[in-house]
Every structure is written in C-alpha cells, then in structure tokens.
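# how would this look folded up:
(one chain, ligands or ions: 1)
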Amino acid sequence: METTLHTEMTVAEVCKGFAYNELEGKGLYGLSGKLTIQPEYQRNYIYADGNKDVAVIESIIKGYPLGLIYFNETEEGRYEVLDGQQRITSIGRFLTGKFSVMIDGKPIYYNTLDKEIRKKIDETRLLVYICKGTEQEIKEWFKTINIAGVPLNEQELLNAVYSGPFVTAAKAEFSNSRNSNVQKWSAYVKGNVKRQEFLQTALEWVSKGQRADYMAKHRADGNIDELKTYFGSVIDWVSTTFKGIEKEMCGQEWGSLYEKFHTTAYDPDKIWEKVQELYRDPYVKNKRGVFEYVLEGCMRPELLDIRIFDEATKRTVYQKQTEEARSKGVSNCPHCAMAEATKTKIWELKDMDADHVTAWSKGGATTKDNCQMLCKTHNRAKGNR
Ligand SMILES: [Zn+2]
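Numbering: from 1, shown residues only. Okay, the predicted model is just below:
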C-alpha cells in the first residue's frame, strides 16, 4: 500500500463542484467531480448542528489547523474521503451558502464576507493523505496509526511520513526528556516532550507555520542546525525580554512575537514592571494578552479584555445624569447637550452606553465615579478616536 501526504490542495479546489444532498443530508462530490465525499458505507453528515460546522469555519478563519484528511485513491483514479467528510462537507456547505457564521455579532454568509477573509478561506491548504491499496490494506494501516486506541497526533504522523535523518536528529534534541533544557523550555512551550509537542513548536516557529513543507525539504538532512538555532534564539529573546515567569507565558506564540518584535530595543526592567502592574490590575481580564500588549508599546487595550461597567453601575449613573439634565433642561447626553438640534434630547437607558471619562489606558478605573453615559452615536464616535 502506498501513502503520500499532499499539502498543496486548497479549500477552493477540494470544494470545487461541491454538491450536497439536502434530503439524505450528505455531501456528495468535490475536486471538480473527482472526489466522492461520502461513499455509500460511510455515516451521514452529522455536523449540521450550527455548532460543529460553524466551528470548522471559525477554525479556518482563525488559521487553526483542521487536522489530517484521508483520501483513498480508487483503481479508476478517483478519490473517496476516508476520514474528513464531516469537515469537507461543512466547508462545502458554507461555501454554497447553506449556513452563516457570526462576525461582530452579525450572521454572515460566505458571499457577503469581507473579500480578504473569503480569499483566506479559499486559499487555506488542507493536509491530505492519499492512500492507495486494497480495502484490507487500508484497514490494517488505520490500525497501525491508531496504536492502542490513542491516535497519533499530527506531529507523530508527520514524523512517520518524513522519517529519516532529519527526524532522528530533531527527536534526539526536542523529544528527549533527559535534555537538560526541557525544564527551561517548559516555561514557554506547552505540551508533552514525549508526544513530540516541543518538536512541533520548534518546527512551527522555524517554518512560520509550514511544518510539513519544512520537513519534506529537510528530510534527508542529518543536521538540524537551523531548527536548533532558531528555536534557541526565540527562547533567549523571550527570557531576556521578560525577566520573570508567569503561568500565562506558557504556550504563547513566541515564534511570531519574536518575528514581529525582536528588532525592537526594550528595557527589561521597565517591561517586567509593566507586566507586573497589569497582573495586579483587577480590570485586566485576559492575562495572556499582557505580553503582546507590552511588546507593542501598550497601544491596544483590546488585547487585555478590560472589564466593562456592570448593569447596576450603568443604571445608577443613568438615573443621576438624567435627573440633573432634566433639572437644567438639557440633554442627558453631555455631547448632545452641546449641539443645537439635540440639546434638550432625553435618551432612554437602552439608547445609551457607558463610557470611561478617563480612559482605562490613561489610568481611569471601571468604577461609578469614572463612568458617564453617552448616547450610542457619541459613544461610538468617542471609541473610534
Ligand atoms: Zn449624544
């Protein structure tokens, strides 16, 4: 039996000519008719619950891996999906307008998506294993890759596909629990050394996310200098830029942060002081965002998911502000009060939003004293400044 890994097929190609049988609830064809998505003996599409199918699309939009897909090549040179029908059918149904995903709180169908996002989906490459052999061989093969009920993860499979001098050398370095560096790495890299997750991260960083391509290219190399040096540079950079260790530093995308920021000069004392300050700040909900926020120069509070005003605070402030406005005969939105057309307009609570008088990024707290209600239009205008 032959198996080959293909990394060049895009979502657009695989879903070209996608047909879906509404009545039987199954995806039928793809790859311009060359691919049978659901051979007779396979179970029907079960992802159409507005949850799993949406999750598939969201993964693609976010650039998360979709996992391996297996095709069986038939004697006539056609393909059948052995594993991955649910995912392909979800994508095909989305591309043909069968369901929507929520973006910024609104349901969006494929054809009304932003052009860039559509392009990103279309050009997403799938990791497809093509197997050629008898049914018996294919069953045997599936048994081997699912040792004792624990399926091989993606990196373990890639190691199997690209086995050779490179994988051997890379495993000796990154999959060796006796390597004395492992403890240091564990502060920044998540996962289990023995299940190849450190190797996966090292390859992910050096290849900028194109692990399979990188492994294919280096398959026959006995040296892993580039991989080792790059990984070492990233780790050194993180550990000198950030003087201490916090739990949330583990599993960050340090590779891409390194690419973005390693040429910027930082004062490690000041950096760590800022990190600690944000860790103590009760308004910071997302601690994982602290590191990118600080590296960027504290420009995007949205990375930190700052706590917002609660309903009780909004109501109290609204009542006080509205009473005062009524007694003065002016609008209860301070900005509206300054414009001729709206200067006496009294808005209802539902038509107003809470605003930080002093912005959080300038030290303003999320408390009643720093809260003012603005009409929705003015609040949005302020937010965009
Ligand atoms: Zn207003």
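# Run the chain-centre distance for the strand or helix carrying Ala312.
Here Ala312 sits within helix 311-328, counting by DSSP states H and E. Remark: helix 311-328 is offset 41 Å from the chain centroid, using Cα atoms, centre = their mean, to the nearest Å.
# Could you pull up phi and psi at Tyr279?
phi -70, psi -30 (degrees, to the nearest 10).
# Pretty sure Leu349 sits against Lys314.
Yes. The pair Leu349 / Lys314 is scored as a contact, 7.3 Å apart, by Cβ atoms under 8 Å. No exception for glycine: its C-beta is placed from N, CA and C like everyone else's.
# of those two, who's got more company?
Remark: of Leu349 and Lys314, Lys314 carries more neighbours, 18 against 15, as counted by other Cβ atoms under 10 Å.
# just the strands in the stretch 1-150 of the chain please.
2-6, 19-21, 26-30, 35-36, 68-73, 79-83, 101-103, 106-108, 127-132 (DSSP state E, counting those that start in this stretch).
# got the ones you listed as CSV, with mean pLDDT columns?
Below are these laid out as CSV (pLDDT from 0 to 100):
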stretch, mean pLDDT
strand 2-6, 83
strand 19-21, 82
strand 26-30, 80
strand 35-36, 90
strand 68-73, 87
strand 79-83, 84
strand 101-103, 88
strand 106-108, 89
strand 127-132, 88
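# and of these, who's closest to Phe166?
Of all the strands of the stretch 1-150 of the chain, strand 2-6 sits nearest to Phe166, with 15.1 Å by Cβ to Cβ.
# Which positions in the closest one come out as buried?
Neighbour counts over strand 2-6 (16 or more other Cβ atoms under 10 Å) mark 3, 5 as buried.
# just checking, what packs against that strand?
Under the contact definition 3 or more Cβ pairs under 8 Å, 6 or more residues apart in numbering; DSSP states H and E, strand 2-6 sits against strand 127-132, helix 154-161.
# For Gln321, find the nearest of those.
It's helix 154-161; of these, that one is closest to Gln321 (Cβ to Cβ) at 55.2 Å.
# other SSEs contacting the next helix or strand after that closest one?
With elements assigned by DSSP H and E, the helix or strand that comes after helix 154-161 is helix 165-174. On a contact count with 3+ Cβ pairs under 8 Å, 6+ apart, helix 165-174 meets helix 197-206, helix 211-218, helix 225-241.
# Can you work out which other helices and strands pack against the following helix or strand past helix 165-174?
Toward the C-terminus, helix 165-174 is succeeded by helix 182-186 as the next helix or strand (DSSP H and E). Other helices and strands packing on helix 182-186, by 3+ Cβ pairs under 8 Å, 6+ apart, are helix 225-241.
# Dump the helix it packs on to CSV, restricted to CA.
The C-alpha trace of helix 225-241 is given here as CSV (Å, rounded to 0.1, in the frame of the first residue of the first chain):
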residue,chain,number,x,y,z
ASP,A,225,21.3,23.5,13.0
GLU,A,226,18.8,25.9,11.6
LEU,A,227,15.9,24.4,13.6
LYS,A,228,18.0,24.4,16.8
THR,A,229,19.4,27.9,16.3
TYR,A,230,16.1,29.4,15.5
PHE,A,231,14.4,27.8,18.5
GLY,A,232,17.2,28.9,20.8
SER,A,233,17.0,32.5,19.5
VAL,A,234,13.3,32.7,20.2
ILE,A,235,13.7,31.2,23.7
ASP,A,236,16.7,33.5,24.5
TRP,A,237,14.8,36.5,23.3
VAL,A,238,11.8,35.8,25.5
SER,A,239,13.8,35.0,28.6
THR,A,240,15.9,38.2,28.3
THR,A,241,13.0,40.4,27.4
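# Leu127 and the ion, how far apart?
Noted for Leu127: a distance of 52 Å to the ion, by Cβ to the ion, to the nearest Å.
# Hmm, Phe71 and that residue touching each other?
No. Using Cβ under 8 Å as the test, Leu127 is too far from Phe71 to be in contact (11.3 Å).
# So for those two, which sits in the more crowded spot?
Applying other Cβ under 10 Å to Leu127 and Phe71 shows that Phe71 carries more neighbours, namely 25 against 20.
# contacting residues around the more buried one?
35, 79-82, 128-131 (Cβ atoms under 8 Å, 6 or more residues apart in numbering).
# and of these, the nearest to the ion?
Nearest to the ion, judged by Cβ to the ion, of those is Val128 at 54.7 Å.
# okay, now that closest one: neighbour count?
Counted by other Cβ under 10 Å, the residues lying close to Val128 total 20.
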